[in-house]
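Visitor: make a model of this:
(one chain, ligands or ions: 1)
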Amino acid sequence: MNKQHTQAEWAERARAVLPAGGFGNFDPSIVIREGRGSRVWDEDGKEYVDYLIGSGPMLLGHGHPEVLDAVFEQLPKGQTFFANNVLGIELAEEICRAVPCAEQLRYVSSGGEADMYAMRLARAFTGRDKIVKFEGGYHGMSAEAQMSLAPSRRENFPQAVPDSAGIPQSVADEMLIAPFNDFDYIRSLLAEYEGQIAGLIVEPLQRIIPPAPGFLELLREECTRYGIVLIFDEVVTGFRFAYGGAQEHYFVTPDLCTLGKVIGGGFPLAATVGRADIMGHFDKAAVGEEGWLMQLGTLSGNPVAAAAGLKSLEILRRDGQYARLRELGDRVGGMIRDALEPTGIPYRIVGDATLFEVVFTAQDARDYRAVQAADAGRAKLWNDALRHHGIFKSPGKTYPSLALTEDDLAVTLEAIQSAAAAIEAKA
Ligand SMILES: Cc1ncc(COP(=O)(O)O)c(C=O)c1O
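Guide: A predicted model of the protein is given here:
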């Protein structure tokens, strides 16, 4: 019989073949063996309540039986075709019904690609080059998106700072960076660069930071005034904040949006979505050679992912799902408040009931710099204690899922109380 490897042994094997020992930026010392419902287990058999949920997609929990049935029905009929397939067409129809800005869509395999094409579409549609993004806003890994994502160096706005090696200066020169939630700054930036800006890309809730009241409305108005394509990155918020995403929740409709995570039901699927006149730039017959934006991908519209996505959306349409998700998030938020309030330690719960984080700060977390200035040492203690007490989450976000049970909430409560005690002991 094969010897069972420990998690530490797997982590060591990973270090030999994976740079930095991992698939991305998540702690590579943990290796997940299995996920079921609201829980995951690591390779040492430790069980956790999962508030990472695959970094967002597993809103219904791992292995939802109806989603698995839909996948199992498709699998024997074929894994991928490149050609159109009915499930991909039906999913596109459902997204266009659900999402306010969606008249047409193009599939890709990841949210970052969807964002890259949204920015390129804005350029093709307007014939302009500059893109505005907000400091700290995350839009995947394209050269444009890597500008001022997590800068440690503070440049004066609107100077872009690349967060990655390998990006030419010419890309930085076409990006304009603004502070999130700063009404005056964005007004004057868009006026100053009138006629040069193709698109403005924004996470309606930036990482965890909510838009100040009126901020998204201001972006909508100003983009309309200057003929700028307004892009909402709804890779996280799509089908999470509401069935129609953050644009439904906040009542502001962009020109384009990007979707990922939930629409693939745990499989690689994302989309660039929006107004038909802008999306028309993907159609050479509609716009001619000059205006055409070439776009294709081997796995685009993959039928297995589309089957999982379609079934996930069907489940999310059922009565009460979003009310329940918000109630679950509010309950966890309430536990955090009850545990931290008596300690007197300054903190804010920043975000939305469907996605939030505790930030150890006495200030309002209105933008990237405010969140960055928070107490990182306390955040680490908090996250380490939660992990130790059976909570699996990313260091920067807590994602409630619809699979959470009363038992999970009981585990969560104990973990939160222990984490608050750990922080108080070091205060
Ligand atoms: C707001 C936002 N946009 C884009 C992306 C990139 O999506 P993907 O990881 O599927 O490329 C993410 C990923 O977390 C995201 O949070």
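Visitor: contact residues of the stretch 51-200 of the chain facing the ligand?
Guide: By Cβ under 6 Å from any ligand atom, the residues of the stretch 51-200 of the chain that approach the ligand are 55, 110-112, 115, 138-140. C-beta coordinates here come from the backbone N, C-alpha and C atoms, glycine included.
Visitor: so which elements touch whichever strand or helix holds Leu91?
Guide: Assigned by DSSP states H and E, Leu91 falls within helix 86-98. In terms of contacts (3 or more Cβ pairs under 8 Å, 6 or more residues apart in numbering; DSSP states H and E), helix 86-98 is packed against strand 104-108, strand 270-274, helix 303-316.
Visitor: counting by contacts, list what the first one packs against.
Guide: Where contact means 3+ Cβ pairs under 8 Å, 6+ apart, strand 104-108 is packed against helix 86-98, helix 111-126, strand 270-274, helix 276-279.
Visitor: excluding chain neighbours, give the residue nearest to Gly88 in space.
Guide: Using Cβ to Cβ, 6 or more residues apart in numbering and skipping residues adjacent in sequence, the residue nearest Gly88 is Gly301, 3.5 Å away.
Visitor: let's have the helices and strands packed on strand 104-108 in JSON lines, adding mean neighbour count.
Guide: Output for these, formatted as JSON lines (neighbours: other Cβ atoms under 10 Å):
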{"stretch": "helix 86-98", "mean neighbour count": "18"}
{"stretch": "helix 111-126", "mean neighbour count": "25"}
{"stretch": "strand 270-274", "mean neighbour count": "30"}
{"stretch": "helix 276-279", "mean neighbour count": "18"}
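Visitor: so which of these is nearest Glu12?
Guide: Closest to Glu12 of the helices and strands packed on strand 104-108 is helix 111-126 (Cβ to Cβ; 29.5 Å).
Visitor: quick one, the closest one and strand 270-274 angle?
Guide: Between helix 111-126 and strand 270-274, the angle comes out at 30 degrees (axes from the mean of the first three to the mean of the last three Cα atoms, to 10 degrees).
Visitor: got the contact list for the closest residue to Lys77 other than its chain neighbours?
Guide: Nearest residue to Lys77 in three dimensions, chain neighbours excluded: Pro303, at 7.6 Å (Cβ to Cβ, 6+ apart). Pro303 makes contact with 74, 77-81, 85, 87-88 under the criterion Cβ atoms under 8 Å, 6 or more residues apart in numbering.
Visitor: and Pro303, how far is that from Ala98?
Guide: In this view, Pro303 and Ala98 are 20 Å apart by Cβ to Cβ, to the nearest Å.
Visitor: so how far is the helix holding Leu91 from its chain's centroid?
Guide: What separates the centre of helix 86-98 from the centre of its chain is 21 Å, taken as Cα atoms, centre = their mean, to the nearest Å.
Visitor: identify the residues contacting that helix?
Guide: 74, 102-105, 107, 239, 243-245, 259, 263, 271, 273, 301-303, 306-307, 309-310, 313.
Visitor: what about Arg369, how many neighbours?
Guide: Residues lying near Arg369 (other Cβ atoms under 10 Å) number 14.
Visitor: again, but for the one 4 residues further on
Guide: Here the number of neighbours of Ala373 (other Cβ under 10 Å) works out to 12.
Visitor: try Ile32
Guide: 17.
Visitor: is it true that it touches Asp44?
Guide: No: contact criterion Cβ atoms under 8 Å: Ile32 and Asp44 do not qualify, at 10.9 Å.
Visitor: can you pull the pLDDT of Gln4?
Guide: pLDDT, Gln4: 81.
Visitor: got a list of what it touches?
Guide: Contacts of Gln4 were listed using Cβ under 8 Å, 6+ apart, and none were found.
Visitor: element containing it?
Guide: In the assignment (DSSP H and E), Gln4 maps to no helix and no strand.
Visitor: as JSON lines, the helices and strands packed on strand 104-108 with mean pLDDT and distance to Val171 would be great.
Guide: What follows is those, written out as JSON lines (pLDDT from 0 to 100; distance: least, Cβ to Cβ, whole Å):
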{"stretch": "helix 86-98", "mean pLDDT": "98", "distance to Val171": "30"}
{"stretch": "helix 111-126", "mean pLDDT": "98", "distance to Val171": "11"}
{"stretch": "strand 270-274", "mean pLDDT": "98", "distance to Val171": "20"}
{"stretch": "helix 276-279", "mean pLDDT": "98", "distance to Val171": "22"}
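Visitor: could you chop the chain up by domain?
Guide: Domain ranges of the chain: 7-63+319-353+360-404, 65-314, per automatic domain parsing.
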